[in-house]
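Asker: based on what follows, work out the 3D shape:
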Amino acid sequence: MKDEVIEEEVEEEPEKKKVSLFGRLKKGLSKTKKGITDKIDGVLKSYRKIDEDLFDDLEEVLITADIGVNTTMRIIDDVKDKVKERKIQDPSEIMELLKEELKEILTEVEDNNSLNLEPSPAIILVVGVNGVGKTTTIGKLSSRLKRDGKKVLIAAGDTFRAAAIEQLEEWSNRAGVDIISHQEGADPAAVIYDGIQAAKSRKSDVLICDTAGRLHNKKNLMNELNKIFRIVDREYSEATKEVLLVVDATTGQNAISQAKVFKEACNVSGIVLTKLDGTAKGGVVLGVQAELNVPVKLVGVGEQIDDLQDFDPNDFVNAIFEE
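Answerer: Next up, the predicted model:
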């Protein structure tokens, strides 16, 4: 598996940056738009009346976009109900119903989609298997939080992957934040322990912890994570805690399977979906959030520093449905 590449930062004026965020999202989701909206549009235009065959074709589009079978069935059933309730006869009107339904699904999780970093201090534990973009996510997030005026510290707890520590050190230099690291092969929990002590003494606002993503088997990985969580609970119980699971959107249903495994092992509070710009199957956003009832909090839609964005359900749906 290739190590993640450290991308160049592109600085923009705040006004331009704010304006361009939706544009970046829309551009990053262009493959998903082709994989979902354009295909739905094709289906709707091929029918003159609303019937079961139309719904069967829509179902196929949604499943192939990796929304997941259960979530797809729910969407189709709800849209059918709305068609009856509103006495809709024109197939073209179904597009708005789908848009409405996707927004409903994405906004019904128990927690909201915002990062929970208040009150300070806060600790963010970043979990996930290797290759999904953990290191890059930590680098981009630390840079962003630093620019937001937070005092950020990184703990390089993925001591098993050769390049992870060096990559995080490069990111910390670039972002201008401190890093706590041990040598390769060290005990990850010991690194997190030292990170917590350093965060306390330096009065850091946010401690971002990388965690091991590759151990010999699932049981070892989960045991290692549990050890880290015990240390956090014991040594930093006063901190606001986020557990962010990073998953690669290009892996589709595998991303949902991975998320289920991690949710069993630790109390995942949010999901980061990386590489959304590299897949037509962005429907995995709906699948992962609906099936786990865990909010997607950040999405990666490109290689630049600002392409790691806060996830906004309305913006996401608008980006894939707008012309």
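Asker: wait, what's in contact with F316?
Answerer: 25, 29, 106, 285, 299 (C-beta atoms under 8 Å, 6 or more residues apart in numbering). From N, CA and C alone the C-beta is placed, and that goes for glycine too.
Asker: quick check, the last one in a strand?
Answerer: Yes: judged by DSSP: H, G, I helix; E, B strand; the rest coil, V299 forms part of a strand.
Asker: which of the contacts of F316 fall within strands?
Answerer: V299 (DSSP state E).
Asker: who wins on neighbours among the contacts of F316?
Answerer: V285 (29 neighbours; other C-beta atoms under 10 Å).
Asker: which ones are touching that one?
Answerer: V285 neighbours (C-beta under 8 Å, 6+ apart): 106, 249, 273, 276, 296, 299, 311, 316.
Asker: where does the last one sit: helix, strand or coil?
Answerer: Under the three-state scheme (three-state DSSP), the conformation of F316 reads as helix.
Asker: how near is D41 to K146?
Answerer: 42 Å (C-beta to C-beta, to the nearest Å).
Asker: residues in contact with the strand of greatest length in the chain: which ones?
Answerer: For the chain, the strand with the greatest residue count under DSSP E is strand 240-248. With C-beta under 8 Å, 6+ apart as the test, strand 240-248 has contacts from 115-128, 131-134, 137, 232, 255, 258-259, 262-263, 266-275, 288, 294, 297-298.
Asker: stretch 157-174 too?
Answerer: Taking C-beta under 8 Å, 6+ apart as the rule, stretch 157-174 contacts 3-4, 6, 9, 130, 134-135, 138-139, 142-143, 154, 156, 178-179, 181-189, 191-192, 195, 209-215, 228.
Asker: one step back: just the C-alpha atoms of the longest strand of the chain, please, in PDB.
Answerer: Provided in PDB are the C-alpha atoms of strand 240-248 (Å, rounded to 0.1, in the frame of the first residue of the first chain):
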ATOM      1  CA  THR A 240     -13.800  16.800  25.300                       C
ATOM      2  CA  LYS A 241     -13.400  13.600  23.300                       C
ATOM      3  CA  GLU A 242     -13.900  12.900  19.600                       C
ATOM      4  CA  VAL A 243     -13.200   9.500  18.100                       C
ATOM      5  CA  LEU A 244     -13.000   9.900  14.400                       C
ATOM      6  CA  LEU A 245     -13.000   6.800  12.100                       C
ATOM      7  CA  VAL A 246     -11.300   7.500   8.800                       C
ATOM      8  CA  VAL A 247     -12.600   5.400   5.900                       C
ATOM      9  CA  ASP A 248     -11.800   5.500   2.200                       C
END
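Asker: for it, the distance to its chain's centre please.
Answerer: 8 Å (C-alpha atoms, centre = their mean, to the nearest Å).
Asker: parallel or antiparallel, list what pairs with it.
Answerer: Counting by DSSP bridges, the strands paired with strand 240-248 are strand 122-127 (parallel), strand 270-274 (parallel).
Asker: which positions within that strand qualify as buried?
Answerer: 240-248 (16 or more other C-beta atoms under 10 Å).
Asker: what does the following helix or strand past it contact?
Answerer: Tracing the chain past strand 240-248, the next element assigned as helix or strand by DSSP states H and E is helix 253-265. Residues from elsewhere that reach helix 253-265 (C-beta under 8 Å, 6+ apart): 66, 68, 127-129, 132, 218, 221-222, 225-226, 245, 247-249, 251, 268, 271, 273, 284, 287-288, 291-292, 294.
Asker: tell me what angle helix 253-265 forms with strand 270-274.
Answerer: On the basis of axes from the mean of the first three to the mean of the last three C-alpha atoms, to 10 degrees, helix 253-265 is oriented at 150 degrees to strand 270-274.
Asker: mind listing what's buried in stretch 66-84?
Answerer: Applying 16+ other C-beta under 10 Å to stretch 66-84 flags 66-68, 71-72, 74-76, 78-79, 82-83 as buried.
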